[in-house]
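> how would this look folded up:
(2 chains)
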Protein chains: 2
Amino acid sequence: MTKYYLTLLEEKNYAELKEKLIHENPVDIASLFEKIENPEQYLKLFRLLPKNVAAEAFAYLETDSRKNLIDAMTDKELSYILNDLFLDDCVDLVEEMPANVVTRLMKNADQQTRALINRFLKYPEDSAGSVMTIEFVSLRPTMTIQQAFNHIRQTGVDKETIYTCYVTENRILEGFITVKDMLLSNPEDLIGSKMNTHVISVGTLDDKEHIAKLVSKYDIMSLPVVDNEGRLVGIVTFDDAMDVLQEENTEDFVKMALVAPDNETYLRISVIGHAKRRILWLMILMLSATITGLLITYFENELMFGGSLILVSFIPMLMDTGGNCGSQSSTLIIRGMALDEIKSSDFLKVWSKEVRIALTVGVALAIVNAFRILIQYRGTEHIGLIALTVGLAMIITILISKSLGCILPMFAKKTGLDPAIMAAPLITTITDAASIFFYVMLARYLLKG
Amino acid sequence: MTKYYLTLLEEKNYAELKEKLIHENPVDIASLFEKIENPEQYLKLFRLLPKNVAAEAFAYLETDSRKNLIDAMTDKELSYILNDLFLDDCVDLVEEMPANVVTRLMKNADQQTRALINRFLKYPEDSAGSVMTIEFVSLRPTMTIQQAFNHIRQTGVDKETIYTCYVTENRILEGFITVKDMLLSNPEDLIGSKMNTHVISVGTLDDKEHIAKLVSKYDIMSLPVVDNEGRLVGIVTFDDAMDVLQEENTEDFVKMALVAPDNETYLRISVIGHAKRRILWLMILMLSATITGLLITYFENELMFGGSLILVSFIPMLMDTGGNCGSQSSTLIIRGMALDEIKSSDFLKVWSKEVRIALTVGVALAIVNAFRILIQYRGTEHIGLIALTVGLAMIITILISKSLGCILPMFAKKTGLDPAIMAAPLITTITDAASIFFYVMLARYLLKG
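Down below sits the predicted model:
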């Protein structure tokens, strides 16, 4: 389909293309823009779209495409788009464009939009204020259902949702009523008598992740945002909440892999950009691994047991198993906390669970490993004691890594840090050193003969 | 609040509790149930709720609480709940209960519900059929807007959403119309002339993750599900889509940490349950690490350079850095593919990017590390060559781990495997062996004097 449209565009068969595009979803039209390689065709395609579709498709474009398109548009076209976009999309646009484009945007927005954009830009990143929209339906408690429907008919076209209407008096949020409730009520009933006054609302400065979770928890279509005085200033709709949840999940994924989060997609970030977001933690952990190295040289007499590297050869296995165990625990606990399934007050319950899991898993792995060693090195001197040493070291390593995997993220959460950075790589580095230390101590004691 | 309610329940102050509960959200009432410790109070609390609230709160309960409650209820109460629940919740209930409870459930459902449940149980897990609901509003194209509103008024109370109505003829899906469109139309207009015929729909067997992504991509409130003949059989609503997205994210998180996914929460899974879902991969990777160990004993002459363990002491650093680099790449790429930002066809673009990132990061780390070694071991013989060996091994390790971090997940996706299991731990194990092999080869060549 996309290919066919691009061919039509290439062949300048605008009449047919225009006809076809009428039936397409703005989201798909936006993806069509992303496929265009010749920048001159951007504007051509854009001008074929019905005006309202053009504005909606524009809202779904990637940053680069938006910039290209704005650069090519006339001021009049730009002004139309700006005044037709929902305010939250307008603010996103201003936030992501370079300064010279912003100047042109602000010049072409009408005065009211300009004032609103400026107000929105003051809300902190990640706050409810930064993701809310102001296009909601507001009703008065003294209206009848019939009057309310008329009000919706007159003003509803430009609202992001009409299905949950908010009831205000002197702009103070008093309650809400859904269109479903209204349809099922008598036209003469008063809004005030039919509205639901148990309304869940959030403040403009509340964290957007918290809001997205509320939307998901209560299965609601939109959540009202109020200022300090309880005045309704905006709403967050379910689709924006879904986007926030996905963004937060992505942030957790990359932070847990010790990559600095970035709103751009993988392919759009340059090589240097990628290197920058990855190198800091790599450097820190590489230098921390020096400690493990120092332990190895410090205890080289113990490690060169019988003049061979047999004891050293088990180090990678201990390190990897410790890393994997820590990764399992920390991931389960970080995710559990993100979903509010695990709370800070559950700490002792979680830790004691991890210790018991560590013992179960550790003993099982140690036994399997001991068999492997006894078979592989049968006939080697002291191999029984070596297998015992490695087995005990394995159990201790797993105990340490699983304990750290629950203590560090829960401690981070408690102290207001982001639990996600207390993930596998950090735990691995700490476990490595501890693991080798206990391994050497066991070797010294058990293999001293 | 919760505490106060529990005290009222404890003190048998049922009148006041009942009064208070009227104003609470069913989601919060469900959390109240989870806090009750004395099973006898389950039913007491349940009986204080208005009937419709009771059914809704029931839908939000955890499996254990549902079971406790069902065990305590009379058949009449159970029958009421079953017939008031939305069908998708009913099916979930049947799926999660033990056999004896299911028998009782089926006995108390009315005949129609029983037949529907049986049909739904046949849809494969993770399919659209398994998450859809059948409570949607269906209109005929020959109805007027006015007639359609009357139809909604008569039937809408029990529908999961009324805001997007589906237009069918002989049960074939023809289009959709929103209540907003209807409110803005003339009451005499025909549905057929006002409906939107470009409707995005999915099949009953389509993957639920795909569906959730469609809902999120197109910002729609509900997505129709059709059978092979194009007949409308159900809808998936945005709130269920949000739940699916969160579940899929959780699955990816835990799979990437090599834990078998489980729908239960962390705290509800027993120690043995946790051990079971973690031990398989730990065992596999522990035994795979034997290869790295074998390399160390095989090359022990090269590694005991100058009779000391100085070369061995850099192994943990090389292993950890390789693991961390692989984890960064694989996480970014697995997540990029999950969000459809990276496609299989981008393979060469992604790989070449990872190679260039690896070189940038690798050279930087190697230089910093060389300085560290030269300072720490100043005066040691051949230390310049050792620093060079470690530096080159570091660059090679990073190249391998970042390459594997993109090749393995993308290859998995291409062949229909789950990319999430090609994550950090697996890559670490492979990189370890390769890293030590190249390290030894470099040492053999550069340090042979």
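> pLDDT on the one helix or strand residue A:288 maps to, on average?
Element membership for residue A:288, per DSSP states H and E: helix A:271-298. Per-residue pLDDT values over helix A:271-298 give a mean of 90.
> Identify each buried residue in it, please.
A:271, A:274-279, A:281-283, A:285-286, A:288-293, A:295-296 (16 or more other CB atoms under 10 Å in any protein chain shown). C-beta here means a position set from N, CA and C on the backbone, and glycine is covered the same way.
> List, out of those residues, those positioned next to chain B.
Among those, the residues lying close to chain B (CB under 8 Å from any CB of the partner chain) are A:271, A:274-275, A:278-279, A:281-283, A:285-286, A:289-290, A:292-293, A:296.
> Can you classify residue A:104 by secondary structure?
The three-state label given to residue A:104 by DSSP: H, G, I helix; E, B strand; the rest coil is helix.
> Quick one, grab the pLDDT at the residue nearest the centre of chain A.
Residue closest to the average C-alpha location in chain A (CA atoms, centre = their mean): residue A:248, at 1.6 Å. At residue A:248, the model reports a pLDDT of 91.
> same thing with residue A:449?
At residue A:449, the pLDDT value in this model is 55.
> same deal with residue A:60?
For residue A:60, pLDDT reads 88.
> The residue nearest to it when sequence neighbours are not counted: neighbouring residues, count only.
Spatial nearest neighbour of residue A:60, excluding adjacent residues (CB to CB, 6 or more residues apart in numbering or on different chains): residue A:30 at 3.6 Å. Around residue A:30 there are 19 other residues, counting by other CB atoms under 10 Å in any protein chain shown.
> which element is residue A:30 on?
Counting by DSSP H and E, residue A:30 is part of helix A:26-35.
> List the buried residues in that helix.
For helix A:26-35, by 16+ other CB under 10 Å, it's A:26-33.
> okay if I get those as TSV plus pLDDT?
Formatted as TSV, the buried residues of helix A:26-35 follow (pLDDT from 0 to 100):
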residue	pLDDT
A:26	88
A:27	89
A:28	89
A:29	88
A:30	88
A:31	87
A:32	87
A:33	85
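> Out of these, flag the one nearest to chain B.
Among the buried residues of helix A:26-35, residue A:27 lies closest to chain B (CB to the nearest CB), at 5.2 Å.
> Is the longest strand seen in chain A in proximity to chain B?
Scanning chain A for the longest strand, with DSSP state E as the assignment, gives strand A:161-169. Yes. Applying CB under 8 Å from any CB, one finds strand A:161-169 in contact with chain B at A:162-163.
> Report the inter-axis angle for that strand versus strand B:161-169.
Taking axes from the mean of the first three to the mean of the last three CA atoms, to 10 degrees, strand A:161-169 and strand B:161-169 form an angle of 150 degrees between their directions.
> Which single one of the ones next to chain B among the buried residues of helix A:271-298 is nearest to residue B:229?
residue A:274 (48.8 Å; CB to CB).
> Pop out the phi and psi values for residue A:94.
The phi and psi values for residue A:94, taken as degrees, to the nearest 10, are phi -60, psi -40.
> swap in residue A:224?
Residue A:224 adopts backbone torsions of phi -80, psi 150, taken as degrees, to the nearest 10.
> which residues does it contact?
Residue A:224 makes contacts with A:136, A:166, A:173, A:176, A:199, A:201-202, A:232, A:234-235, as judged by CB atoms under 8 Å, 6 or more residues apart in numbering or on different chains.
> if I look at it, how far off is chain B?
Remark: distance between residue A:224 and chain B (CB to the nearest CB, to the nearest Å) = 15 Å.
> same thing with residue A:315?
Distance, residue A:315 to chain B, by CB to the nearest CB: 7 Å.
> Helix or strand next in line after the helix or strand hosting that residue, which one?
Element membership of residue A:315 [criterion: DSSP H and E] is helix A:315-338. Going down the chain from helix A:315-338, the next helix or strand is helix A:347-376, by DSSP H and E.
> Can you name every helix or strand that that next one contacts?
For helix A:347-376, the packing partners by 3 or more CB pairs under 8 Å, 6 or more residues apart in numbering or on different chains; DSSP states H and E come out as helix A:315-338, helix A:383-414, helix B:271-298.
> buried sites along whatever helix or strand comes next after the second one?
In this case it means helix A:383-414. With elements assigned by DSSP H and E, the helix or strand that comes after helix A:383-414 is helix A:424-446. Within helix A:424-446, the residues scored as buried using 16+ other CB under 10 Å are A:424-440, A:442-443.
> Cross-check those residues against chain B and keep the overlap.
Okay, of the buried residues of helix A:424-446 touching chain B (CB under 8 Å from any CB), that's A:424-425, A:428-429, A:432, A:436.
> need the residues of the stretch 101-250 of chain A near chain B, please.
Proximity of the stretch 101-250 of chain A to chain B is confined to A:149, A:152-153, A:156-157, A:162-163, A:179-180, A:183-184, A:198, A:200, A:215-219, A:221, A:238-239, A:241-243, A:245-246, A:249-250 under the rule CB under 8 Å from any CB.
> At which residues are the helices of the stretch 1-150 of chain A located?
Secondary structure of the stretch 1-150 of chain A (DSSP state H, counting those that start in this stretch): helices at A:2-10, A:14-21, A:26-35, A:40-48, A:51-59, A:63-72, A:75-84, A:87-96, A:99-108, A:111-121, A:128-131, A:145-155.
> Most tightly packed of those?
Among those, the stretch with the highest mean neighbour count (mean count of other CB atoms under 10 Å in any protein chain shown) is helix A:128-131, at a mean of 24.
> Mind listing residues that contact that helix?
Around helix A:128-131, the neighbours that count as contacts under CB under 8 Å, 6+ apart are A:88, A:91, A:120, A:122-124, A:202-208, A:211, A:225, A:233-234, A:236, A:240, A:244.
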